[in-house]
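> Just need the structure, nothing else, for what follows:
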Amino acid sequence: MVAVKIINSFTYNGKGGNPAGVVYLNGNFPTDQTMLSIAKAIGLSETVFVRDRVGGGYSMRYFTPEAEVPLCGHATLAACYDRYRNNALSGNPIVIETGAGLIQVDQIHSSDRNVHFWMAQPSPIFEALSPESIALVTNCFQSLKQNSSLPICIGSTGLRDIIIPIESRDALNEVIMLPSALSSVSEHFNVTGAHLFAIENDAVYARNFAPLYGIDEESATGTSNGVLIAYLQKFAHSAVTITANAKESKNALQCTILQGETMGKLSQILTHVVSKNDTQYPTVGGSCIADHTVYLCDLAL
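Purely as a prediction, here's the structure:
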């Protein structure tokens with residue numbers, strides 16, 4: 001029997017968030033096929049498998065219903081929250097071994113008495129797209145109204161995403177993704193999917209699509225918004241700093257990103273990026289809520 005804990009990450013006022021499956025292992029990872037079968041049975045965007053790491057911290061592997069991915073932000077926070085609820089956190093900061101390398105998560109008690117987990121991400125890499133490539137991307141959507149003052153590009157802190165600026169919050173909510181087209185383009189560019197965003201008067205809003213991995217839309221994404229805060233610092237600093245929830249210094253930017261509005265699961269992703277010697281260091285944070293546990297009686301580890 002396998003116990004899979006379902007935990008919502010990046011919740012907003014105690015609601016919303018993105019559910020991830022968490023499987024804690026007392027020994028080694030099972031076979032890839034076993035982990036994929038569990039992820040398929042659970043049917044969430046990601047299920048994370050967690051084991052103790054020699055020397056402290058944890059090793060984590062992440063599976064969508066279709067394939068393994070090297071890193072997942074909301075599943076990482078969910079796994080840390082699970083260990084916190086079991087009084088079993090391995091140190092603070094928490095060192096985590098992932099397919100994208102070693103990362104660090106900090107547990108912070110916020111002013112509202114919630115426990116927030118902040119995940120550091122690898123320095124981002126941005127890749128420009130040609131006009132022909134941009135046309136391929138935009139043809140994956142209907143009712144796409146791009147913010148032409150900002151670039152469409154590929155960004156990655158461990159997972160590659162196409163970043164697409166949209167002209168307004170209303171326009172963002174009206175976008176219709178074409179799953180077959182975006183799956184094909186995602187495979188062509190070796191990306192997980194597309195991350196769309198709009199800068200509104202008082203917030204940054206985002207939507208994320210990854211049909212290649214069996215995820216039509218996600219209500220909260222950690223890695224994509226880690227790339228996004230770095231993108232905003234690099235390409236749109238002046239636009240973001242006029243928003244009410246953004247704070248800046250000479251080499252840093254932080255703001256709240258809201259995601260999942262069209263899904264009825266509004267989620268809050270706290271983001272921060274520091275730039276040192278032309279290198280960016282993004283982190284994302286948020287709160288979590290335990291939902292329920294699923295017992296898979298026909299599977300065993």
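> pLDDT at residue 1, what is it?
Listed pLDDT for residue 1 reads 85.
> Pretty sure it sits against residue 295.
Yes - taking contacts as C-beta atoms under 8 Å, residue 1 lies within contact range of residue 295: 5.8 Å. In short, each C-beta sits where N, CA and C put it, glycine included.
> what's the spacing between residue 256 and residue 24?
Distance, residue 256 to residue 24, using C-beta to C-beta, to the nearest Å: 30 Å.
> again with residue 162
Counting by C-beta to C-beta, the gap from residue 162 to residue 24 is 34 Å.
> Who has more neighbours out of these two?
residue 162 (26 against 18; other C-beta atoms under 10 Å).
> secondary structure class for residue 132?
Here residue 132 takes the helix state, with states given by DSSP: H, G, I helix; E, B strand; the rest coil.
> What distance do you get for it to residue 188?
Counting by C-beta to C-beta - residue 132 and residue 188 are separated by 12 Å.
> For these two, indicate the residue with more neighbours.
Neighbours around residue 132 and residue 188, counted as other C-beta under 10 Å, are more numerous at residue 188. The numbers are 11 against 7.
> so what's the more buried one up against?
Residue 188 sits next to residue 136 when contact means C-beta atoms under 8 Å, 6 or more residues apart in numbering.
> The residue lying closest to residue 28 once chain neighbours are set aside: what secondary structure?
Excluding its sequence neighbours, the residue lying closest to residue 28 (C-beta to C-beta, 6 or more residues apart in numbering) is residue 51, at 6.9 Å. Per three-state DSSP, the secondary structure class of residue 51 is strand.
> any idea how far residue 51 is from residue 251?
Per C-beta to C-beta, residue 51 is found 37 Å from residue 251.
> can you map out the helices along the stretch 201-301 of the chain?
Assigned by DSSP state H, counting those that start in this stretch, the helices in the stretch 201-301 of the chain fall at 222-235, 237-240.
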